[in-house]
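Chemist: Below is the sequence, then the predicted model.
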Amino acid sequence: MSRMTARSSTEVLVIGGGPAGLRAAEVAAAAGANVLVADAQRSVGRKFLIAGRGGLNLTHGEPVENFPSRYGAEAERWRDLLQEFGPNALRRWAAELEVETYVGTSGRVFPRGQKAAGLLRGWVHRLRAAGVRFDVGCRLTALAKESDAWRVEFERDAETMAVDARAVVLALGGASWPETGSDGSWPAMLQQHGVEIAPWQPANCGWTVDWPPQLLERAEGLPLKNLAVSAGSETVSGELLITRYGIEGGAVYRLGPLLRAMAEPQITIDLKPQLTIEALRERLANAAPPNEWQRTLKLSPSAVALLETFFASELQDAEQLIHRVKSFPLRLTTPRPIAEAISSAGGVRWQELDENLMLQKLPGVFVAGEMIDWEAPTGGYLLQGCFATGTRAGRAAASWATAGH
């Protein structure tokens, strides 16, 4: 049995030390509130660091007017949130930490050096200098209203600690990458208070494919580059990677919401989107010898393997070959497990939140980041969404706490 060991108080309690929580703490402290950040991990920013392993993608360089559509539903809400803290503001924020950013060839915005660790160290140092306190290694166990404050209980080892807070920002993350602390285990706690939660689903994830063994022998681990990939009425450009279990890559990640809605998910791949059907006909007509279509069409080994594995009998007929190159169908089975996904869909439904991201059924409790039911493609939109919601929640929480509610 755990025992109560400590009880403290603060004006604003931020639970979760990811980018949304840290940003909420930063904004609340700047507004003059006394702020405590609590996190279940032994250090903050675990997912931020993992996201930055391959190059930290802070935001995207496209016009901010395009951003709301990247988040699917609630475009007006996102327009409002991004007006308060959009991509230009995020780049200025990094510059204040003496981190220069640049726009890559893909339009993605990276910090110079591309690594997350240095940026996170500078950020935490600035937060501490602003008076933000940290308590790590403590897991949220209970949330209850007590008089004019919220009583929040945490467990650390076999001990229980309680914090009284005038306002609470929940930034507990989604359900992907549970090793970072985003284990998606919090919905039951809010459901006890009548808060409606959309079920978790993997987002920005790979899909399983029932590959024939001969395909894997030839193409496992090989990329398919410069594709146009379609699902339903939507077509995206990008790349795919053939894996032991199926496919990964930005193209299938972006089509995830459509694919999850299909009873029988399938994509159609244009292996040569830069060439028209007429251009392909001309190339094949002028080929010498005519049967060396792989070299004539400059197809990658992975593309050749797909065509020869699934449609070998059709490839000697030029028109059938062209049809398969321009329209290669691939049936998918299921999305990969949510623990492997880059992000998750699901969480607190927007209808439960007011314009300040406060839970309408729990006045004084605000929500930020991937706890909210939104998803966005990779490319900087995920972090941008966390910073934007963290900014709104932090500012509103400080206002609530200092206004004497």
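Modeler: Sure thing, it's come through. This is a predicted model, so every value here is computed, not measured.

Chemist: and M262, how many neighbours?
Modeler: Other residues near M262 number 13, with proximity taken as other C-beta atoms under 10 Å. For every residue, glycine as well, the C-beta is placed using N, CA and C.

Chemist: no, scratch that, I was asking about F48
Modeler: For F48, using other C-beta under 10 Å, the count is 22.

Chemist: Can you show me the strands along the stretch 101-250 of the chain?
Modeler: For the stretch 101-250 of the chain, the strands defined by DSSP state E, counting those that start in this stretch occupy 101-103, 108-111, 133-136, 139-146, 149-156, 159-170, 197-203, 207-208, 223-231, 234-242, 246-248.

Chemist: Select, out of these, the one closest to A376.
Modeler: Among the strands of the stretch 101-250 of the chain, the nearest to A376 by C-beta to C-beta is strand 197-203 (8.3 Å).

Chemist: Figure out which of the strands of the stretch 101-250 of the chain is closest to R91.
Modeler: The nearest among those, by C-beta to C-beta, is strand 101-103 at 4.9 Å.

Chemist: Now the strands of the stretch 101-250 of the chain in JSON lines, please, with extra columns for distance to R324 and mean pLDDT.
Modeler: As requested, these are exported to JSON lines (distance: least, C-beta to C-beta, whole Å; pLDDT from 0 to 100):
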{"stretch": "strand 101-103", "distance to R324": "37", "mean pLDDT": "94"}
{"stretch": "strand 108-111", "distance to R324": "32", "mean pLDDT": "93"}
{"stretch": "strand 133-136", "distance to R324": "55", "mean pLDDT": "96"}
{"stretch": "strand 139-146", "distance to R324": "53", "mean pLDDT": "94"}
{"stretch": "strand 149-156", "distance to R324": "58", "mean pLDDT": "94"}
{"stretch": "strand 159-170", "distance to R324": "50", "mean pLDDT": "95"}
{"stretch": "strand 197-203", "distance to R324": "30", "mean pLDDT": "97"}
{"stretch": "strand 207-208", "distance to R324": "21", "mean pLDDT": "98"}
{"stretch": "strand 223-231", "distance to R324": "14", "mean pLDDT": "97"}
{"stretch": "strand 234-242", "distance to R324": "16", "mean pLDDT": "96"}
{"stretch": "strand 246-248", "distance to R324": "17", "mean pLDDT": "98"}
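
Chemist: now the ones you listed in JSON lines, with mean neighbour count?
Modeler: Listed next are the strands of the stretch 101-250 of the chain as JSON lines, based on neighbours: other C-beta atoms under 10 Å:
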{"stretch": "strand 101-103", "mean neighbour count": "16"}
{"stretch": "strand 108-111", "mean neighbour count": "22"}
{"stretch": "strand 133-136", "mean neighbour count": "16"}
{"stretch": "strand 139-146", "mean neighbour count": "14"}
{"stretch": "strand 149-156", "mean neighbour count": "19"}
{"stretch": "strand 159-170", "mean neighbour count": "23"}
{"stretch": "strand 197-203", "mean neighbour count": "19"}
{"stretch": "strand 207-208", "mean neighbour count": "21"}
{"stretch": "strand 223-231", "mean neighbour count": "20"}
{"stretch": "strand 234-242", "mean neighbour count": "18"}
{"stretch": "strand 246-248", "mean neighbour count": "21"}
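
Chemist: looking at these, which is closest to G16?
Modeler: strand 159-170 (6.8 Å).

Chemist: What strands flank that closest one, and is each parallel or antiparallel?
Modeler: Within its sheet, strand 159-170 is paired with strand 3-15 (parallel), strand 149-156 (antiparallel), strand 365-367 (parallel), according to DSSP bridges.

Chemist: how about those, which one is nearest W211?
Modeler: With C-beta to C-beta as the measure, strand 365-367 is the member of these nearest W211 (40.6 Å).

Chemist: Show me what the helix or strand just after that closest one is packed against.
Modeler: Beyond strand 365-367 on the C-terminal side, the first helix or strand identified by DSSP states H and E is helix 381-402. On a contact count with 3 or more C-beta pairs under 8 Å, 6 or more residues apart in numbering; DSSP states H and E, helix 381-402 meets strand 3-15, helix 19-30, strand 59-60, helix 67-70, helix 75-84, helix 87-96, strand 159-170, strand 365-367.

Chemist: helices and strands around the fourth one, which ones?
Modeler: This points to helix 67-70. helix 75-84, helix 381-402.

Chemist: winner for burial among those?
Modeler: helix 381-402 (a mean of 26; mean count of other C-beta atoms under 10 Å).

Chemist: Using CSV, write out every CA atom in it.
Modeler: Output of helix 381-402 as CSV, limited to C-alpha atoms (Å, rounded to 0.1, in the frame of the first residue of the first chain):
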residue,chain,number,x,y,z
TYR,A,381,2.8,19.5,-38.6
LEU,A,382,2.8,17.3,-35.5
LEU,A,383,5.2,19.4,-33.5
GLN,A,384,3.6,22.5,-34.8
GLY,A,385,0.2,21.3,-33.5
CYS,A,386,1.8,20.5,-30.1
PHE,A,387,3.3,23.9,-29.8
ALA,A,388,0.2,25.7,-30.9
THR,A,389,-2.2,23.9,-28.5
GLY,A,390,0.4,24.1,-25.7
THR,A,391,0.6,27.9,-26.2
ARG,A,392,-3.2,28.3,-26.0
ALA,A,393,-3.6,26.0,-23.0
GLY,A,394,-0.7,27.6,-21.1
ARG,A,395,-1.9,31.1,-21.5
ALA,A,396,-5.5,30.2,-20.6
ALA,A,397,-4.4,28.2,-17.5
ALA,A,398,-2.3,31.2,-16.2
SER,A,399,-5.3,33.5,-16.8
TRP,A,400,-7.6,31.1,-14.9
ALA,A,401,-5.2,30.6,-12.0
THR,A,402,-4.4,34.3,-11.5
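
Chemist: For W177, which of the strands of the stretch 101-250 of the chain is the nearest?
Modeler: Nearest of these (C-beta to C-beta): strand 197-203, 11.1 Å.

Chemist: In contact with the spatially closest residue to L357 that is not a sequence neighbour, which residues?
Modeler: Distances taken as C-beta to C-beta, 6 or more residues apart in numbering place A393 nearest to L357, at 4.6 Å, with adjacent residues excluded. Listed by C-beta atoms under 8 Å, 6 or more residues apart in numbering, the contact set of A393 reads A20, A24, V169, A171, N356, L357, F366, V367, A368.
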